[in-house]
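>>> Let's see this in three dimensions:
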Amino acid sequence: MPLTDIQCRTASSGGKKIHKLADTGGIYLWVFEDGKKYWRLRYYKDNKEKSISLGVYPAISLKDARAKRDELRKQLDQGSDPLLNRKLDKLRSKVSAENTFEAVAREWLKQQAHTWTPEHANRTLRRLELNIFPKIGTVPLSEIDAAALLGTIRIIEKRGATDLSHRVLQVCGNIWRFGIATGRCKTDVTYKLSEALKAHKAEHQPAIHPDDLPRLMRDISEYNTLALPCTP
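All right, here's what the predicted structure looks like:
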């Protein structure tokens, strides 16, 4: 007989460590001695009995559990194993989390740190934290295309920081090449991307011509003489 919402709500273990209440289609509500309740689906695959969790009651209601059962039954009908699929999904999620742009970037930074001064390492990390991580940091490196990265870099460019935009792009290029070398991605999306950015016009600092140096030294000497306080 199918379970009812009232039965699920009032079910107890009856003094047993686990009391299993059967619903339709292989669903069971496992009621533990401490009052906690869990949904599980029992099924057969390759002549072997297997069991997979459907969630915790009452967060997952009877209706929700049946809907999950139907989804998993579809996988069985298509010839796949729901338990194996779930394990593979968890593995993919773990791999994706380890291969996000931010994760790969931090790994690259850590590898480079021993060749840099602490100031340079901190400055490079800070540029990524302010300009790149908030936009694409959580995306797997292999899923970021040139258009997405260009759009992120152009945000820097629009602030008028053309020099910084090129510097950050150069850092990103190093990260992508590190990603290729470590098997996180297959192509360097930064290739020739600098051609799509505004060229940076370097502003030279004022400098004195060597021929004018003696005159400058005389002027400094005369200024210092005039600036000395008069003694009584």
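
>>> Bridged to S51, which residues?
R42 (DSSP bridges).

>>> quick one, what contacts it?
Residues in contact with S51 (CB atoms under 8 Å, 6 or more residues apart in numbering) are 40-43. To be clear about C-beta, it is placed using only N, CA and C from the backbone, and glycine gets the same treatment.

>>> Give me the pLDDT for T182.
With respect to pLDDT, T182 has a value of 92.

>>> Which secondary structure element is home to K74?
helix 62-77 (DSSP states H and E).

>>> what sits up against that helix?
3-5, 8, 23-27, 29, 39, 41, 43, 45, 52, 54-55, 57, 60, 81-82, 85.

>>> and if you look at stretch 110-129?
Counting by CB under 8 Å, 6+ apart, 102, 105-106, 109, 164, 167-168, 171, 178 sit against stretch 110-129.

>>> and the two most separated of those residues?
L164 and F178 (21.1 Å; CB to CB).

>>> Filter the contacts of helix 62-77 down to the buried ones, PyMOL style.
Typed into PyMOL, the line below selects the buried ones among those, using 16 or more other CB atoms under 10 Å:
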select buried, resi 3+8+23+26+27+29+39+41+43+52+54+57+60+81+82
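
>>> Next, work out how far apart the closest residue to A199 other than its chain neighbours and S194 are.
Leaving aside its chain neighbours, A199 sits nearest to T162 (7.4 Å; criterion: CB to CB, 6 or more residues apart in numbering). Going from T162 to S194 by CB to CB, to the nearest Å gives 11 Å.

>>> do R159 as well
Computed as CB to CB, the R159 to S194 distance reads 17 Å.

>>> So for these two, which residue has more residues nearby?
S194 (15 against 11; other CB atoms under 10 Å).

>>> and the more buried one, what does it touch?
Counting by CB under 8 Å, 6+ apart, S194 has contacts 166, 169-170.

>>> I27 too?
Per CB under 8 Å, 6+ apart, neighbours of I27: 3, 39-41, 54, 65-66, 69.

>>> Out of those residues, which is nearest to K94?
L54 (21.9 Å).

>>> tally of neighbours for the closest residue to G26 other than its chain neighbours?
In space, and not counting its chain neighbours, G26 is closest to R42: 4.6 Å by CB to CB, 6+ apart. Applying other CB under 10 Å, we find 14 residues neighbouring R42.

>>> Could you do A105 as well?
A105 - counted by other CB under 10 Å - has 25 other residues nearby.

>>> sorry, back to before: looking at the contacts of I27, which is nearest K16?
So of those, ranked by how close each gets to K16 (CB to CB), first place is R40, at 16.0 Å.

>>> For the closest one, which residues are in contact?
So R40 contacts 27-28, 30, 51-54 (CB under 8 Å, 6+ apart).

>>> one more time with 10 Å, if that's ok
R40 makes contact with 20, 26-30, 51-55, 65 under the criterion CB atoms under 10 Å, 6 or more residues apart in numbering.

>>> Equivalent analysis for K17, please.
K17 makes contacts with 32-34, as judged by CB under 10 Å, 6+ apart.
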